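Q: My questions concern the predicted model and sequence given below.
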Amino acid sequence: MSGDLEHTYEETGNQGGLLKTNLGTLRQELGYKKLGRYILEEIAEELGKLGLGYFPRDVLDPRCNTEPRQGNEVWVYERDNSTRARVLDAVLYPEQTNVRSVLDGLTAGNLSALTAEEKLKRIQEIVEA
């Protein structure tokens, strides 16, 4: 029965990689009329398949959100190795991330913590200054 979250994926990109949405919108995009335990799990799974993360995590966790409401808000972000994504991933998925390295490197301006694109951007800023 289910659809996909392609519109959410596109809209997240259109919004610069970070989108505020709600469970009603995500549920409807998947083609369901009601929210429930399995719908929350499917939303989380579909977001992951598209390379999207979300927070707060408990909104899509049926163990925490035992009575989901369509107005429950969730932020969706691109897990694209950008600075934003690396910080969010370090906080939300610490088991998958070298948290100390990511956070210390980014806050201290450690160039080894930057992606190649971010390093190039810094070089361009220096040259233009």
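A: Thanks, I have it. Computed from a predicted structure; not experimentally measured.

Q: Look up how far residue 120 lies from residue 23.
A: Distance, residue 23 to residue 120, by C-beta to C-beta, to the nearest Å: 39 Å. Using the backbone N, CA and C atoms, a C-beta is placed for each residue, glycine as well.

Q: wait, residue 28
A: 40 Å.

Q: Between the two, which is the more surrounded one?
A: residue 28 (14 against 11; other C-beta atoms under 10 Å).

Q: quick one: that one is in a strand?
A: No - counting by DSSP: H, G, I helix; E, B strand; the rest coil, residue 28 falls outside a strand, being helix.

Q: Could you measure from it over to residue 22?
A: Relative to residue 22, residue 28 is positioned 10 Å away (C-beta to C-beta).

Q: This structure: helices as residue ranges?
A: Assigned by DSSP state H, the helices in the chain fall at 6-14, 23-30, 37-49, 83-92, 99-108, 116-128.

Q: Columns distance to residue 59 on top of the ones you listed, output as TSV?
A: Compiled in TSV, the helices of the chain are given as follows (distance: least, C-beta to C-beta, whole Å):
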stretch	distance to residue 59
helix 6-14	14
helix 23-30	7
helix 37-49	8
helix 83-92	12
helix 99-108	22
helix 116-128	30
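
Q: from those helices, which stretch is densest packed?
A: helix 23-30 (a mean of 19; mean count of other C-beta atoms under 10 Å).

Q: Residues contacting that helix, please?
A: If you take C-beta atoms under 8 Å, 6 or more residues apart in numbering as the criterion, helix 23-30 is touched by 2-5, 7-8, 34-35, 39-40, 42-43, 46, 59, 68-72, 74.
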